[in-house]
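>>> 3D, please:
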Amino acid sequence: MRKSTNKILAVLIVSLGLSASTFAQGNNSDDKPKGPPTFKQLLKELDTNEDGKISLKEVKGPLAKDFKKIDTDEDGFLSEKEIKNAPKPERKERPRN
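Here you go, the predicted structure:
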């Protein structure tokens with residue numbers, strides 16, 4: 001009886017260890033995108049009317065703020081070339097502890 005109890009406890013401990021390991025991997029900071037999003041990613045996220053273009057009504061954040069600067073041909077849409085050549089948004093300096 002004692003051996004079977006020990007086996008059950010061992011299986012439970014291993015199972016819990018695997019579950020904790022899987023959970024920890026799910027919160028891995030390596031999953032964050034590196035660098036700015038691609039034009040395809042921006043289209044997927046922002047092109048709400050799915051016309052293949054990004055308009056001022058569809059953008060948000062730094063793109064909305066700097067839309068007129070980025071839209072160099074002044075057609076009211078952001079092209080892949082315009083996004084690629086857009087000025088990088090200034091990052092606020094983080095206070096050091």
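
>>> from here on, contacts and neighbour counts on C-alpha atoms
OK.

>>> check contacts around S79.
53-54, 71 (Cα atoms under 8 Å, 6 or more residues apart in numbering).

>>> Can you tell me which of those residues has the most neighbours?
Neighbour counts for the contacts of S79 peak at I54, which has 23 neighbours (criterion: other Cα atoms under 10 Å).

>>> measure that one to K92 for me?
Distance of I54 to K92, computed by Cα to Cα, to the nearest Å: 26 Å.

>>> and the least confident of the contacts of S79?
Lowest in pLDDT among the contacts of S79 is K53, which has 90.

>>> In this structure that one contacts D47, no?
Yes. Here K53 reaches D47: they are 6.4 Å apart, a contact under Cα atoms under 8 Å.

>>> if we can go back for a sec, may I see the contacts of S79 organised as JSON lines, with secondary structure and distance to R96 added?
Putting those into JSON lines (DSSP: H, G, I helix; E, B strand; the rest coil; distance: Cα to Cα, whole Å) gives the following:
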{"residue": "K53", "secondary structure": "coil", "distance to R96": "41"}
{"residue": "I54", "secondary structure": "strand", "distance to R96": "37"}
{"residue": "D71", "secondary structure": "coil", "distance to R96": "36"}
